[in-house]
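Predicted coordinates and the sequence they were generated for:
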There are 2 protein chains.
Amino acid sequence: MASIPIRRATLVDVAAAAGVSRSTASRVLSGEGAVSAETEARVRAAAAEVGYLLNSAARTLRTSRTMLTGLVLNNLVNATFHVVAEIVQQRLALAGYRMILCVTGGQAAEEADYLQTLAEQGVDGIIVAGSGANIDQLNTIHANGTAIVNLIRAGKGAPGDRVLASDRDGAVLATQELLDLGHRRIGYIGGPAQTNSGRERFHGYRSTLRTAGAFADDLVLRGPFSPDFGAEAIKAILRAPEPPSAVYIANHEASFGALPTLRDLKVRLPDDLSLIAHDEPSWFQYWDPAVSIVDSGATELAELAASRLIAAMRPGGTDDKPREFRVGARLVTRGSSAPVTPRA
Amino acid sequence: MASIPIRRATLVDVAAAAGVSRSTASRVLSGEGAVSAETEARVRAAAAEVGYLLNSAARTLRTSRTMLTGLVLNNLVNATFHVVAEIVQQRLALAGYRMILCVTGGQAAEEADYLQTLAEQGVDGIIVAGSGANIDQLNTIHANGTAIVNLIRAGKGAPGDRVLASDRDGAVLATQELLDLGHRRIGYIGGPAQTNSGRERFHGYRSTLRTAGAFADDLVLRGPFSPDFGAEAIKAILRAPEPPSAVYIANHEASFGALPTLRDLKVRLPDDLSLIAHDEPSWFQYWDPAVSIVDSGATELAELAASRLIAAMRPGGTDDKPREFRVGARLVTRGSSAPVTPRA
């Protein structure tokens, strides 16, 4: 085992090792005051040698920057969110920022607590994939000099850039694909109307079908983000007097319930029913048949949010002219969707 | 939209709002120096009213505690890790700590960079579910007063408590279950020998079969943590001169490749082959049939690691007598494993 230093190295140790005065060592390590390049190199080498750790708290008081950031999101179980957390953290790290993770459970009150904590910590910036509540608080934090980026969701009046998915366009893509495959009776299983994604995806679905003269109220089911709702909804939709030949499941968690239920009911995809889901956990590719999806681009959303935050946190960087960014949706067709007329 | 304060509230604002002197307000908010309970309450109410944020950097210099912690792990895609990240973060938050997330991609060099960053940040404690490398560095950080907890993996000589899964016991449980179901030819698909889990699970499997006089070299395949390896391994094992009637897939990622391959090969579970996997992503319960697993207890591992770290970070808390904790494995039997003799 390595020998273990028994106390934290001090500036005096650095100065002694470099053969300079304490104040010279301090000037180098604080970045304040001019010294020769040679002296600087000698002091930095000595600091590394004695294991001197720059005291972040002291540095913060000097520079007013903490190099800390925060990421606020609902959970890490949803595939989109854990992809976002991993990628945002790694992008911020490349730019020298540490990221404090805050998982709110989707509760607006918890979110408010976390935002307060991040503000007290003096973070340089926050990415919020949040509840859309706590807008006043976000504005206060922003006015105090903290950069904000809203990711996936954004409440009305929230400060900072908004990096959003293209929920409506994604729903149009899925619905149009099913129309193009010749389907006319196309069911919809979606999220609650009071959520952004629930609303936007439904509008995309409905307007596409209306344009085609194929919208039917009785094939629409909207409910909570849960597998149980999906299991019930798919059963209900198949009991319709004139059942659909295709379904677009816009509610991610509902698809987890709907797919096993269809298998248990011996409804064959795509022969008996074509199906397109929205966003994917890793296992949709392993399903039999593999599940067609609308891909919202979790990776691209995360990368863009991180780069917008980094830009806003830069000295002289500004987010006082906030802008909205949309990451386009992409259709990934696999075995679960096919033309309405059975193939020979 | 809310009215936005255009500058950060200062101690002077708090003092004015509370009708006390600046020094009285400072005494209350710094927690140093005695004031009456009534004055304290008035100052705290005033601070909340004017939106005064305690300056964390200044507070740190006074108390030598940052209330910051770090969590270092390989990725967030593996189900165990994203459960760990969510639960550790929430437990630490309840105790007043913020958690800096560091995703290393399993690279020892990246891990070293993150550990250095956390040390420079002056975190009070670190949970490392790490590479097992960087032991000297961990010892230096620990000797400088930072609490350390090793989670799931722990390198030899690492400082601090070790909260580990029971990989060997879990493998014994799976193998014994298959023996009890009457299987004698039991295959093994596992991780690399140079990993903790790869080694310990293999030893549990082998010793159980040896005791039963049923160990056979030709049914053992060990390889990388990847679905592709799992797909190849299950095909290879089924081509054995005397194929197995059961298989224990100890390599989590390999099971993602093996399960779809078995379906494509029309090998029916459990009629043609009994199967037990190790740890689960959400979808094993939706598979047909649902997959039997060894459950390592990701939630319990995370809760225990967080509570050990919190104890070690407490004033007067100490981790100079580090201890090892094991979270027991649990067998969850589902449809994929059954007696060797076909049921009537």
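Now that the structure is in, tell me what you want to look at.

For residue A:243, which residues are in contact?
Residues in contact with residue A:243 (CB atoms under 8 Å, 6 or more residues apart in numbering or on different chains) are A:185, A:237. (Each C-beta comes from the backbone N, C-alpha and C, glycine too.)

again, but for residue A:296
A:80, A:165, A:166, A:167, A:170, A:278, A:279, A:327, A:329.

now swap in residue A:152 and tell me
Counted by CB under 8 Å, 6+ apart, residue A:152 has contacts A:80, A:84, A:129, A:163, A:164, A:165, A:301.

The most centrally placed residue in chain A: which element?
The centroid of chain A falls nearest to residue A:84 when counting by CA atoms, centre = their mean (4.1 Å). Assigned by DSSP states H and E, residue A:84 belongs to helix A:79-94.

Show the low-confidence segments of chain A, by residue range.
A:1-10, A:30-33, A:48-63, A:317-320, A:342-344 (pLDDT under 70).

tell me the contacts of residue A:295?
By CB under 8 Å, 6+ apart, the contact list for residue A:295 reads A:279, A:280, A:329, A:330, A:331, A:332.

residues near residue A:203, how many?
14 (other CB atoms under 10 Å in any protein chain shown).

you'd agree residue A:79 is up against residue A:279?
Yes. With contact defined as CB atoms under 8 Å, residue A:79 counts as touching residue A:279 (6.9 Å).

Closest to residue B:254 out of the contacts of residue A:152?
residue A:80 (25.3 Å; CB to CB).

Can you add secondary structure and distance to residue A:139 and give the contacts of residue A:295 back as TSV?
Output for the contacts of residue A:295, formatted as TSV (DSSP: H, G, I helix; E, B strand; the rest coil; distance: CB to CB, whole Å):
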residue	secondary structure	distance to residue A:139
A:279	coil	30
A:280	coil	35
A:329	coil	30
A:330	strand	34
A:331	strand	37
A:332	strand	38
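
In PyMOL, select just the buried ones from those residues.
Buried residues within the contacts of residue A:295, by 16 or more other CB atoms under 10 Å in any protein chain shown, are selected in PyMOL with:
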select buried, chain A and resi 279+280+329+331
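
Dump the contacts of residue A:295 into a markdown table; add distance to residue A:42 as well.
Listed next are the contacts of residue A:295 as a markdown table, based on distance: CB to CB, whole Å:
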| residue | distance to residue A:42 |
| --- | --- |
| A:279 | 55 |
| A:280 | 55 |
| A:329 | 56 |
| A:330 | 54 |
| A:331 | 60 |
| A:332 | 57 |
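
how about the contacts of residue A:296 in TSV, adding distance to residue B:72?
Output for the contacts of residue A:296, formatted as TSV (distance: CB to CB, whole Å):
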residue	distance to residue B:72
A:80	23
A:165	30
A:166	35
A:167	35
A:170	35
A:278	33
A:279	28
A:327	29
A:329	34
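
now, which of the residues you listed sits nearest chain B?
Nearest to chain B, judged by CB to the nearest CB, of the contacts of residue A:296 is residue A:80 at 11.7 Å.

ok, which stretches of chain A are strands?
A:68-73, A:98-103, A:125-129, A:147-151, A:161-165, A:186-190, A:220-222, A:246-249, A:274-278, A:292-295, A:324-327, A:330-332 (DSSP state E).

before we move on, the earlier item: now the contacts of residue A:296 in a markdown table, with distance to chain B?
Listed next are those as a markdown table, based on distance: CB to the nearest CB, whole Å:
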| residue | distance to chain B |
| --- | --- |
| A:80 | 12 |
| A:165 | 19 |
| A:166 | 24 |
| A:167 | 23 |
| A:170 | 22 |
| A:278 | 17 |
| A:279 | 14 |
| A:327 | 20 |
| A:329 | 22 |
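
wait, isn't residue A:187 in contact with residue A:222?
No. Between residue A:187 and residue A:222 there is no contact under CB under 8 Å: 11.6 Å.

what about those two, which has more around it?
Neighbour count, other CB under 10 Å: between residue A:187 and residue A:222, residue A:187 has more, with 27 against 20.

Give me the distance between the more buried one and residue A:83.
28 Å (CB to CB, to the nearest Å).

what's the answer for residue A:175, then?
In terms of CB to CB, residue A:175 sits 25 Å off from residue A:83.

okay, the two: which has more neighbours?
More crowded of residue A:175 and residue A:83, by other CB under 10 Å: residue A:175, with 29 against 19.

Could you check how far that one is from residue A:341?
Residue A:175 is 19 Å from residue A:341, by CB to CB.

same check, this time on residue A:292
Applying CB to CB to residue A:292 and residue A:341 gives a distance of 18 Å.

Looking only at neighbour counts, state which of these two leads.
residue A:292 (25 against 9).

surely that one meets residue A:338?
No. Counting by CB under 8 Å, residue A:292 does not reach residue A:338; the two are 9.2 Å apart.

Leaving out sequence neighbours, find the closest residue to the residue in the stretch 201-344 of chain A that chain B sits nearest to.
Per CB to the nearest CB, residue A:283 is where the stretch 201-344 of chain A lies closest to chain B, at 4.0 Å. Distances taken as CB to CB, 6 or more residues apart in numbering or on different chains place residue B:283 nearest to residue A:283, at 4.0 Å, with adjacent residues excluded.
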